[in-house]
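> build the 3D model from these lines:
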Amino acid sequence: MLLKVNHIKTNSMKKSYKFLTPALLIGLAALMPTNLFAGNPDRAGTAGATELLINPWARSSGWAGANTAMCQGIEASYLNIAGLAFTPQTELIFDHTNWLVGTGIGINTFGLSQRVGKTGVIGFNVMSMDFGNIMITTTDNPEGGLGTFSPSFVNLGMSYAKAFSDNIYGGINMKVISEAISNVSAKGVAVDAGVQYVTGPTNNIHFGISLKNVGPTMVFRGDGLSFRTALPNGNPFNMTVEQRSQEFELPSLVNIGAGYDINFSKDSSALKTQRLTIAANFTSNSFSQDQYQLGLEYGFRSYLMLRVGFCYENGIFDAIDAGRLTAYTGPTAGFTVQLPFGHAKKSTFSIDYSYRASDPFQGTNTIGARISL
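This next block holds a predicted model:
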């Protein structure tokens, strides 16, 4: 009798999860501010903290960020945090990006994720931008000669994701944003949330939706916004005047994606011997043009993965001085070489690389190393 009752409960739970999936997707969409879908070109360029829109990870950037529905591990912290729930046990990633080659800007990113319990995963990631040394200039010394300074842009993320069933995965990511020079800085916080749904005869159909960069406005503060000037009416004393900085919003957006795995092996025990994945994504940006991403990934066993992608937005085929509003021209490509090691070879070490074409500059290169234990 007890077994029968447990069986009934299990079936009812499966049914509840089945109906919970669309409810989660609809609920997440309902929580999104309506201005996320506005696509108002008049708001373009009015947001700050735009480093939140830079994808620092090699795998997902290799196919243009089209894999919102199937990104996995700590790298999912950029596209859809729900994918963090797919972490096998422990994962460490370090990526370096040479951003828009010729600008001298580098990005270092580190991520760590750890499974806790049977269904939960916690993660931590940090992204730091290196602008090099910039010459200090003033109105009295426009040619410099006063030394140099280096801006500091750092984003910290703490995340949690959970598998609600064999098909439903959800997660949330809390971010701390810091932008600073020697005498002016701005601090802020933001939240990401996402859901992934996997279905199909071999779990080869993927859907995903994520909400990113939602948080209060930021503002710059510091001594760099003040200056000393003489009092009016011939007064011999000086006073310090502090200028106010305008608050700015975060570049919030919505990702909606889908993907389909084509397995070339008919042997159910070797479904992942060779695989071709087709992925598509739509990005609704609050403060810039909407984007459409399409990507392909070919996987040979678990040793080699090749990717291509394209990111389209209005004017992408125009010259930079004739209507195109981004340095990127659309095409992306990348690959992963992955080697198993350890007991029963369940752990893996991989090298990831991606390239994103741009004009001007010589594109963006990202290379990373990943260990999965």
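> next secondary structure after the helix or strand bottoming out on mean pLDDT in the chain?
Sorted by mean pLDDT, DSSP states H and E, the helices and strands of the chain end with helix 2-31, the least confident at a mean of 45. Downstream of helix 2-31, the first helix or strand assigned by DSSP states H and E is helix 58-62.
> which outside residues touch that next one?
55, 67, 71, 75, 78-79, 95, 305, 307-309, 332-336, 352-356, 364, 366-368 (CB atoms under 8 Å, 6 or more residues apart in numbering). Where you see a C-beta, it was placed from the backbone N, CA and C, and this is true even at glycine.
> next one: stretch 332-346
Applying CB under 8 Å, 6+ apart, the contact partners of stretch 332-346 are 58-59, 61-64, 88, 295, 302-311, 347-357, 366, 373.
> so which of the residues you listed are in strands?
Among the contacts of stretch 332-346, the members falling in strands are 295, 304-311, 347-357, 366 (criterion: DSSP state E).
> of the contacts of stretch 332-346, just the buried ones, PyMOL syntax please.
The PyMOL selection below is limited to those of the contacts of stretch 332-346 classed as buried (16 or more other CB atoms under 10 Å):
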select buried, resi 58+59+61+62+63+64+295+302+305+306+307+308+309+310+311+347+348+350+352+353+354+355+356+357+366
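> can you give me the pLDDT of the most far-flung residue of the chain relative to its centre?
No residue in the chain sits farther from the centre than G234, which is 56.1 Å out by CA atoms, centre = their mean. pLDDT for G234: 71.
> correct me if wrong, but it is in a helix.
No: counting by DSSP: H, G, I helix; E, B strand; the rest coil, G234 is located in no helix; its state is coil.
> quick one: it from V241, how far?
When distance is defined by CB to CB, to the nearest Å, G234 is 18 Å away from V241.
> and L52, by the same measure?
Per CB to CB, L52 is found 32 Å from V241.
> who's more crowded, the two?
The neighbour comparison of L52 against V241 (other CB atoms under 10 Å) goes to L52, with 22 against 10.
> which of the helices or strands spans the residue nearest the centre of the chain?
Central residue of the chain (CA atoms, centre = their mean): Y78, 1.9 Å from the mean position. Under the criterion of DSSP H and E, Y78 resides in helix 76-79.
> what is that helix packed up against?
Under the contact definition 3 or more CB pairs under 8 Å, 6 or more residues apart in numbering; DSSP states H and E, helix 76-79 sits against strand 152-163.
> who does the strand it packs on pair up with?
strand 120-130 (antiparallel), strand 168-180 (antiparallel) (DSSP bridges).
> and the shortest one, how far out from the chain's middle?
From the chain centre to the centre of strand 120-130 is a distance of 10 Å (CA atoms, centre = their mean, to the nearest Å).
> what's downstream of that strand, the next helix or strand?
Where DSSP H and E defines the elements, the next helix or strand beyond strand 120-130 is strand 134-135.
> ok, the last one next?
Read in the C-terminal direction, the helix or strand following strand 168-180 is strand 185-199, with elements assigned using DSSP H and E.
> what mean pLDDT does that following strand get?
Averaged over strand 185-199, pLDDT sits at 96.
> who does it touch, helix- and strand-wise?
With contacts defined as 3+ CB pairs under 8 Å, 6+ apart, strand 185-199 has these neighbours: helix 2-31, strand 168-180, strand 205-214.
> make it 10 Å
Here strand 185-199 touches helix 2-31, helix 76-79, strand 152-163, strand 168-180, strand 205-214, strand 253-263, going by 3 or more CB pairs under 10 Å, 6 or more residues apart in numbering; DSSP states H and E.
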